[in-house]
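Sharing a sequence plus its predicted fold:
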Amino acid sequence: MNRFATMPVILNYTRTIIRAFLVGLMINMFSVQAQENAVINASQSVPFSKSRNVTKLAKELTGHLRNEEDKALAVYTWVIHNIKYDVNQMTLSKVKEQSIQKTLRSRKGVCMHYAQLLNELYLEAGIKCEKIDGNVDRDLWAHVHSSAYHVSDHSWNGIQINGVWQLVDATFDAGYVSTRERKLAALLKRVLGIPYVRYKLAFIQEPTYHRYNMVPDEMIIDHLPDAPFWQLLHVPMSIDTFRLTMTEKKRYMRSRPKTRSFFNFEEKINQYRFDEYSAQLLGLSNLEFSDTNYFSFGFGQENYVQLNLNKYNDTKVEDLEDCLIRYDEYDTLFYFIDTSKSAFKRQSKVEKIVHNGLNKEEKRRYKLIFKQNTDVINRTNTFIKKDVKYILKHKKARKKTIDKIEKLTATCNKLKEMQLRTKTSEEIVSRAEVDMALTSFVNTEKKLQQLFTANDSINSFLHAIEKKLSPLALRVQDALIEQANNTAEAESWLIQFYSKFDSIYFESRKRAKMYDTIHRIKRDSLFGLLIKNRNEYINSGYRNIVEMKKLIKANQAVYTEMSPFIDVDDMGESIQTNNQKIIEYYLAQIEWYNQIVNQNTAINGWLKTDMKNQKQLKVNYIWEKRTESARRKANHRFERSRHLYRIRELNRHQSILSDYKILIRNKLKEIKIEVKKRENLEK
């Protein structure tokens, strides 16, 4: 009993501990968030006098901070808030070498300069950091990019905080590149109607922290480092997997095959950081996971030869303790030179294959663009013609409706002024004629009641249709406004194409075509509903009212004829009541017609706006067709200059290796001569 009696006490005690733990955890989270916000706010700007060199800047940013997390965040915050991306270097085939001092002074740079600056600042702050070279997914590039990731095209950083390596990319977090209209282009567009002349690429600085301490599983989706150990994954991703689309890569990362092999990236990172021949290790690692980037492997072998030669050059041949050992050491360098030359040769072949492939792709793209532009222009012409027909149709309908309104108003005024007339008896009418007249009056009354009932049902239908058509009319308006917005958006997408960087172009064209198709289907169907349903019921109501008018006239004739012979007070009262009802129907019909006139006017206004937008879009596409050849040549020149630069770089490395080979041969000759001298002395 005592044991069971103590159970509630234990449970209450446990709940209290859990609550206290959760409250403490929440307080800790809020305090950590507050500390991070304080660090971010304090690190966004530093006086220029204290940010001229890396040492002063690192001290100013991190001197008052104690833990590594705050130091790392402070440095990263300053870089993404103060360094702008140098868009001018995007169009160059070769990125300019730039010292860290120049980056700090100009506050501009590309990915390589961001990574170098971060690296130096972190090292000054006492945080381990390494610059990582590799590739980003081609969907993130703004220009034509080959499917083969054959050279490194991006740089980011790995930092070690509290003994754990993390990945950061300041280039992506600093902002993004967009297009801005030049003043001259805007003037020519406004005055001469030329849609595009040249658009300026501009960097929009919008700092974020998406790529700060990003999880390796997410970073690998669009960032592939040259060395697999910088993926920070125990199962690295290969280049073949990285070539897949982003969606396929995400699916792959979610359902990675479990493997028994375990990649120890921390051991590899330490080996790379402290190895004397780190470039060679990087090249070997790269070759293991990438079958197209032979450059880093060849450069690693070349670097190994250069370091050994520098080490041996300080020693004179006469001072060698054992010439034969040194001879073997020099002789082995031939192997590394040959492997490096072979790698650069294979890289040269890859460059040529990729360049030819890009040229073929470019021709195919421009052929497709030309065809698409022609299709768009033809479609737009058809659409403009349809708009013109719609406008004329609605103008005619408006005119007809206004004529009907005038007729209805005139008739309504006559009916309002109508007085029941009687005539004097001129001859005696037979009883049979009176009965016949009364019978016709009763029949007419019945017909009138039927028409009143039909008209009431028509009015109820019209009210129901009005409820349905009002939102449809709004949807028509929204569809036309949406089309205008989509036209403007398509124009902005086209702008991207005029600045050499055009991989997003086809995706934009697909979206533009989709919006265009949706708009046309929506607009045509809504106009059909608007015109058909409403006009059908309104016209039937109009016919009923015309019939009512005839019947009331017939009854008035009967009243006039019978007034001298019988008491027609009830008949006159009935006629007056029916006449008043008909007047009400006339007024309701006039109101409906006024609504139609207003809506026709509004629709014509929308259609004219839409036609104007379509004409502008057509002008833009025509301009694109005219300037296609010049733009294609510009793109071709840019790609060719980039290709030639890479080939020149590979040839330069080949000549360096040839010089090393000559140098080693001379050293070997000197050693042989020294060996012969020693042998002669011994004899």
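Received it, and whenever you're ready, just let me know what you need. The shown structure was predicted, so the numbers you read here are calculated from the model rather than taken from an experiment. Numbers count the residues shown, from 1 in each chain.

and the longest helix along the chain, average pLDDT?
Identified as the longest helix of the chain according to DSSP state H is helix 323-417. In this model, helix 323-417 has a mean pLDDT of 84.

Output the contacting helices and strands for that helix.
Judged by 3 or more C-beta pairs under 8 Å, 6 or more residues apart in numbering; DSSP states H and E, helix 323-417 is in contact with helix 295-313, helix 505-562, helix 569-626, helix 628-682. Every residue, glycine included, has its C-beta placed from N, CA and C.

Just the mean pLDDT for the shortest one, thanks.
The pLDDT scores in helix 295-313 average 87.

helices or strands next to it in the packing?
helix 278-289, helix 323-417, helix 628-682.

how about the ones you listed, which one is nearest residue 313?
The closest of the helices and strands packed on helix 295-313 to residue 313 is helix 628-682. By C-beta to C-beta, the value is 8.8 Å.

same for the closest one, what does it pack against?
By 3+ C-beta pairs under 8 Å, 6+ apart, helix 628-682 packs against helix 295-313, helix 323-417.

which one of these has the most crowded surroundings?
helix 295-313 (a mean of 20; mean count of other C-beta atoms under 10 Å).

Can I get that one in CSV? Just the C-alpha atoms.
What follows is helix 295-313, C-alpha atoms only, in CSV (Å, rounded to 0.1, in the frame of the first residue of the first chain):
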residue,chain,number,x,y,z
PHE,A,295,43.1,20.2,-64.1
SER,A,296,43.3,20.0,-60.3
PHE,A,297,45.1,16.6,-60.5
GLY,A,298,47.6,17.9,-63.0
PHE,A,299,48.1,21.1,-61.0
GLY,A,300,48.7,19.0,-57.8
GLN,A,301,51.4,16.9,-59.6
GLU,A,302,53.0,20.1,-60.9
ASN,A,303,52.9,21.7,-57.5
TYR,A,304,54.6,18.6,-56.0
VAL,A,305,57.4,18.9,-58.6
GLN,A,306,57.8,22.6,-57.9
LEU,A,307,58.0,22.2,-54.1
ASN,A,308,60.7,19.4,-54.5
LEU,A,309,62.7,21.5,-57.0
ASN,A,310,62.6,24.5,-54.6
LYS,A,311,63.8,22.3,-51.8
TYR,A,312,66.6,20.7,-53.9
ASN,A,313,67.7,24.0,-55.5
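
Next, the angle helix 278-289 makes with that helix.
Angle of helix 295-313 versus helix 278-289, following axes from the mean of the first three to the mean of the last three C-alpha atoms, to 10 degrees, is 150 degrees.

now what about helix 295-313, what contacts it?
133, 150-152, 226, 276-277, 279-284, 286-287, 326, 329-330, 333, 336-337, 339-344, 347, 650, 653, 656-657, 660, 663-664, 667 (C-beta atoms under 8 Å, 6 or more residues apart in numbering).

so residue 136 sits right up against residue 155, yeah?
No: shown here, residue 136 and residue 155 do not form a contact pair, counting by C-beta atoms under 8 Å, at 10.1 Å.

between the two, which one's more packed in?
A side-by-side neighbour count of residue 136 and residue 155, using other C-beta atoms under 10 Å, places residue 155 first with 23 against 19.

Quickly list what the more buried one is bridged to.
Residues in a beta bridge with residue 155, per DSSP bridges, are residue 133.

Isn't it up against residue 132?
Yes: judged on C-beta under 8 Å, residue 155 makes contact with residue 132 at a distance of 6.6 Å.

a markdown table for the helices and strands packed on helix 628-682, including distance to residue 84?
Formatted as a markdown table, the helices and strands packed on helix 628-682 follow (distance: least, C-beta to C-beta, whole Å):
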| stretch | distance to residue 84 |
| --- | --- |
| helix 295-313 | 29 |
| helix 323-417 | 30 |
